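Colleague: A predicted structure for the sequence below; I have some questions about it.
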Amino acid sequence: MTKRGPREITAKPQISWGSNIAVGQELPELVKHPTTRQLVQYAGAQGDFYEIHYDQAYAQGVGLPGVILHGLLKAAFLGQLVTDWLGDHGTLKAFEVSYRGVDMPAHPYRCRGRVTKVTGKDVELEVWGEDETGKRTTIGTAAVQLG
Amino acid sequence: MSTTASVVDRLRARIGVDGESVSAPVEAGHVRRFVQAIGDPNPRWQREVPPTFLVALAPVSAHLADAEAYGKGWLNGGNRFEYFAPVKIGDTITATGRVADVYEKSGSTGNLLFIIFETAYANQRGELVARLRGTMIRR
């Protein structure tokens, strides 16, 4: 673990709230640095004590490469991607994620998103989480209402 | 196999039937531990809860424990949240879950059991604040 800890690094915003939201615009990306310690913290905070998230021997016993991130922790990361971008400019109306692959602690997790549809004040987004090879291990959508 | 067949039958018999509701207060300390765990320092979460917090208030479905006789492990397939009103610190939320669908699929490493669950969350005024639909997989 670096001295900085599992803090996120947020890139500069690609969307300026002073101009119109348009299809294709990307959200400022959010890179997370999950640690095993964070998985234990999350297990306690959510109340999900499934051993695959903190017990290496158990995880390997069920065929995993080692302990893996909770799907819902990755969903929380993607939720932060959207709410960091949205700020006070609107309300999150719907948020959907589909888990397509496992992610391990000590590997960066990159959260990204872009605008896919704009209908008046209703904006739809595509969001996804990438592992360090660029593979999209979580994909999803979000719907926000501006104003 | 009779064991796994009876698990599937038992879960299928509950499709569409609401499980027992669970009520829980949204406590400041719990929300603080949750946002520390996800690493989201947004000051907004000192008043209301972040998008996925509701899963920490109550088990997403009381029926899932009954599926554990099937296969040897869980996979989370996905989650869909719909939001109707903000959930604030100090609210009391009542979660009511049900099984929406149950089906088996044969995969490359054996059979999989898919359980689609739905949970409705209402606040202390009886207002529906959010809905969650999820897919849990036994393998």
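Modeller: All right, it came through fine.
Colleague: what's the following helix or strand after the worst-scoring helix or strand of chain A on mean pLDDT?
Modeller: For chain A, using mean pLDDT, DSSP states H and E, the weakest element among its helices and strands is strand A:9-10, scoring a mean of 56. Later in the chain than strand A:9-10, the nearest helix or strand by DSSP states H and E is strand A:30-32.
Colleague: how about that following strand, does it get close to chain B?
Modeller: Yes. Judged by Cβ under 8 Å from any Cβ of the partner chain, strand A:30-32 comes into contact with chain B at A:Lys32. Quick note: C-beta positions are derived from backbone N, CA and C, even for glycine.
Colleague: mind listing what's buried in that strand?
Modeller: For strand A:30-32, burial by neighbour count (16 or more other Cβ atoms under 10 Å in any protein chain shown) applies to A:30-32.
Colleague: Could you do stretch B:6-20 as well?
Modeller: For stretch B:6-20, a neighbour-count test (16+ other Cβ under 10 Å) marks B:7-8, B:11, B:14, B:19 as buried.
Colleague: now the end-to-end length of it.
Modeller: Across its full length, stretch B:6-20 reaches 22 Å between end residues, using Cα to Cα, to the nearest Å.
Colleague: who's in contact with it?
Modeller: Outside stretch B:6-20, the residues within contact range by Cβ atoms under 8 Å, 6 or more residues apart in numbering or on different chains are B:61-63, B:66-67, B:69-70, B:96-102, B:104, B:113, B:115.
Colleague: now do 10 Å
Modeller: Among residues not part of stretch B:6-20, those counted as contacts by Cβ atoms under 10 Å, 6 or more residues apart in numbering or on different chains are B:1, B:59, B:61-64, B:66-71, B:95-104, B:111, B:113, B:115-120, B:138.
Colleague: Buried among those? Need that as a selection in PyMOL.
Modeller: To isolate the buried members of those in PyMOL, using 16+ other Cβ under 10 Å:
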select buried, chain B and resi 59+61+62+63+64+67+70+71+95+96+97+98+99+102+113+115+116+117+118+119+120+138
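Colleague: Run through the contacts of stretch B:6-20 and flag the ones next to chain A.
Modeller: Counting by Cβ under 10 Å from any Cβ of the partner chain, the subset of those that neighbours chain A consists of B:59, B:71.
Colleague: all helices of chain A, in order?
Modeller: In chain A, helices defined by DSSP state H lie at A:36-46, A:56-61, A:71-86, listed in chain order.
Colleague: Ranking those by mean neighbour count, which comes first?
Modeller: The highest mean neighbour count among the helices of chain A belongs to helix A:71-86 (a mean of 24), with neighbours defined as mean count of other Cβ atoms under 10 Å in any protein chain shown.
Colleague: ok, the residue of chain A most remote from its centre - contacts?
Modeller: The C-alpha centroid of chain A is most remote from A:Gly61, which lies 27.3 Å away (Cα atoms, centre = their mean). The contact partners of A:Gly61, taken as Cβ under 10 Å, 6+ apart, are A:51-52, A:55, B:72-73.
Colleague: Show the buried residues in these.
Modeller: By neighbour count, with 16+ other Cβ under 10 Å, the contacts of A:Gly61 hold A:52, B:73 as buried.
Colleague: Good, wrapping up.
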